[in-house]
Every structure is written in structure tokens, then in C-alpha cells.
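Q: Could you look at this predicted model? Sequence included:
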Amino acid sequence: MKSILAWVISVLLVFTCIGIKLSIAAAQEQVIVIENDIDDDGDWTVSSDQHFKVDGQSGCKATAGSETLGMANSFPKYGGKAFVNFDFALVPGDYAVTINVCNFEKPIDENGVPARLADADYIGLTVGGDKENPGTLLTTAIKTSSSKPRVEWTEIKQWSFNYTFADNDPNLGSKIGFLIDLPVTGEFLNMSFDNLKIEITPKA
């Protein structure tokens, strides 16, 4: 009797273990991860060749790859739009986007005070872009949220953007991208970016 009971328990344990592993495997298969180190390797379109800084910009070290994307409001060659487009078509589901943001120590004004963190007017997922066109920011999500903590000099913090797209979203099938838009206003304001990641959980 004990041997039969032991056998039943062992079989149940085997199936339980298999069930857990299968569930984990299934969950992993459902998450699609797009990662980009924001290096100057041709993926990103920027307004000039002054944006990418090897080993980081003025205290803002690279967190992925070997370069960072520095942007500033002060001069045209440092501002404008920076964007990347991916060969991935929008599908229904949840999208969790993260990017590392740093506040570097230049430019410096006439009093020797370093620039403070800029505000990106438009930043987030886009749809319908190509190498010459950033596309348009995705505003059709049925749920959105973002976390953009303030960043002090030489700090690096993670900003996050979350979206949920329904199965009747008008942009389904169009390729996604990511846009950073920093207008040139003449102000000494800056931002540095690195390590873009998009985790997509398609709707079951």
C-alpha cells in the first residue's frame, strides 16, 4: 500500500513539475523583447553627428553598448528629433518600454553653472516610420502610463512607458519605433539616453 501511495505521489510530483516548466516556457514564448543599445551603428536617425558620445557624455556613462545619445536644446546640432524604427508590426497586447536617462554636466552658462535636465516634448512609441521619418506617436492605446523621475547632474534613472493596445486598434500591422523630440530653444538644457528596451506581451 505504501509503495502504491508513494508511486502516486511521485507521479503527481512529476506532472506538477512538468506543468510548472511548461507554464514558464509558455510565458517566455509570449514575451517579445526588442533591445537597442543606442550606439551610432546606423539604427538611429539624428539631426547631426554630434549626438553620439563614446564612453558617455560629461559624467553620463554608457549603460549598454559603448556610446550614449546626448541631446540639448542649446544648438541645432544637439537638438531636434532622434528616432529608431523596428521591423516589428504592432499587435494587440501590452508594451512595457524602458530607457535610461542621464543629466550631463554641459553646456555651462556664463556663470559656470551646468545645464539642467531638459524636457522631451514628445517621447515614446511611434508607428508608421522609416529611416527618413519618425512616424507618429502612438496615442490609440486603451491604457497608458509613464514614469519619468527627475534626474540630477550625472545621475542615471530609468524612464518607463506602458501601453495596452486592443485587437481593433487602427494601427495594427504597422511597424513600431521610438521617438525622442527635443526642440531647439537656445536654453542650456540637456538629456542623455541609453539602453532602450521594449517588452511586448501579445494578447492571448
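A: Structure's in. What do you need?
Q: drop to CA atoms for contacts and neighbour counts, all remaining ones
A: Will do.
Q: so where do the helices sit in this structure?
A: For the chain, the helices defined by DSSP state H cover 2-30.
Q: quick one, longest strand in it?
A: Across the chain, the strand with the greatest residue count (assigned by DSSP state E) is strand 189-202.
Q: what pairs with it, and is each one parallel or antiparallel?
A: Sheet pairing of strand 189-202 (DSSP bridges) gives strand 32-36 (antiparallel), strand 67-72 (antiparallel), strand 93-102 (antiparallel), strand 116-117 (parallel).
Q: Now do the third one: everything it contacts.
A: Strand 93-102 has contacts (Cα atoms under 8 Å, 6 or more residues apart in numbering) with 60, 63, 151-167, 191-203.
Q: Buried among these? Make that a PyMOL selection.
A: Buried residues within those, by 16 or more other Cα atoms under 10 Å, are selected in PyMOL with:
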select buried, resi 60+63+151+153+154+156+157+158+159+160+161+162+163+164+165+166+191+192+193+194+195+196+197+198+199+200+201+202
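Q: Tell me the spacing between the nearest residue in space to T136 that is not next to it in sequence and L189.
A: With sequence-adjacent residues excluded and distances taken as Cα to Cα, 6 or more residues apart in numbering, T136 is closest to T126, at 5.1 Å. Distance from T126 to L189, counting by Cα to Cα, to the nearest Å: 24 Å.
Q: thinking again about what came up before, among the strands paired with strand 189-202, show me which one is buried the most.
A: Among those, strand 67-72 has the highest mean neighbour count (mean count of other Cα atoms under 10 Å), at a mean of 29.
Q: Dump that one to PDB, restricted to CA.
A: Extracted C-alpha coordinates of strand 67-72, given in PDB (Å, rounded to 0.1, in the frame of the first residue of the first chain):
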ATOM      1  CA  GLU A  67      28.100  55.200 -26.600                       C
ATOM      2  CA  THR A  68      25.300  57.400 -25.300                       C
ATOM      3  CA  LEU A  69      22.900  59.600 -27.200                       C
ATOM      4  CA  GLY A  70      23.300  63.200 -26.000                       C
ATOM      5  CA  MET A  71      20.800  65.900 -26.800                       C
ATOM      6  CA  ALA A  72      20.400  69.500 -25.800                       C
END
